[in-house]
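1. Would you be able to build a 3D model of this:
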Amino acid sequence: MTKLSLTAATLGTLALVAFALQAKDNTEQIVLKADAPFAYSCKDGKNVTAQYFHDNASGISVVKLTLDAGIRFLPQAVSADGGRYTDGRDIEWWDKGEEAMLNYDTTSDDPARQTTCKLTK
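-> A predicted model of the protein is given here:
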């Protein structure tokens, strides 16, 4: 099982989720356990790999998206149904079952900035 170890100082965009983790001496750590990566094929012709990291005790969950443009880590956001992950700025990943929606620009209503993806393995 892969593990991702983050210190409070390196949580970066996870600060909204992990603000309570800050120790007085900045040495407190959370070890997020990783699930196996999932490969998706998207309607726009691109491929995405999603790997989920979580810590049940703290309730923190993060997805690592490997995209053509690079790697993005997104914290889990509130969702009524399915798993929703966003950085709150420009990218959103929403998964449910074997399908997912990738929004490349959450500030735009342009449907060309969104694509649906299907699990391939």
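2. So for the residue nearest to the spatial centre of the chain, what's the nearest residue that isn't a sequence neighbour?
-> Nearest to the mean C-alpha position of the chain, by C-alpha atoms, centre = their mean, lies Val63 at 2.6 Å. Among residues not flanking Val63 along the chain, Tyr85 sits closest, at 4.5 Å (C-beta to C-beta, 6 or more residues apart in numbering). Using the backbone N, CA and C atoms, a C-beta is placed for each residue, glycine as well.
3. wouldn't the one you found be in contact with Glu92 here?
-> Yes. Counting by C-beta atoms under 8 Å, Tyr85 touches Glu92, with 7.1 Å between them.
4. Need the overlap of contacts for those two.
-> Counting by C-beta atoms under 8 Å, 6 or more residues apart in numbering, the common neighbours of Tyr85 and Glu92 are 74, 77.
5. between these two, which one's more packed in?
-> More crowded of Tyr85 and Glu92, by other C-beta atoms under 10 Å: Tyr85, with 24 against 19.
6. buried stuff in stretch 106-121?
-> In terms of neighbour count (16 or more other C-beta atoms under 10 Å), stretch 106-121 has its buried residues at 113-115, 117.
7. again with stretch 56-75
-> By 16+ other C-beta under 10 Å, the buried positions in stretch 56-75 come out as 60-65, 67, 72-75.
8. follow-up on the earlier one: remind me which helix or strand the residue nearest to the centre of the chain belongs to.
-> When elements are assigned from DSSP states H and E, Val63 belongs to strand 60-67.
9. Going C-terminal from that strand, what's the next secondary structure element?
-> Assignment by DSSP H and E places the next element after strand 60-67 at strand 70-77.
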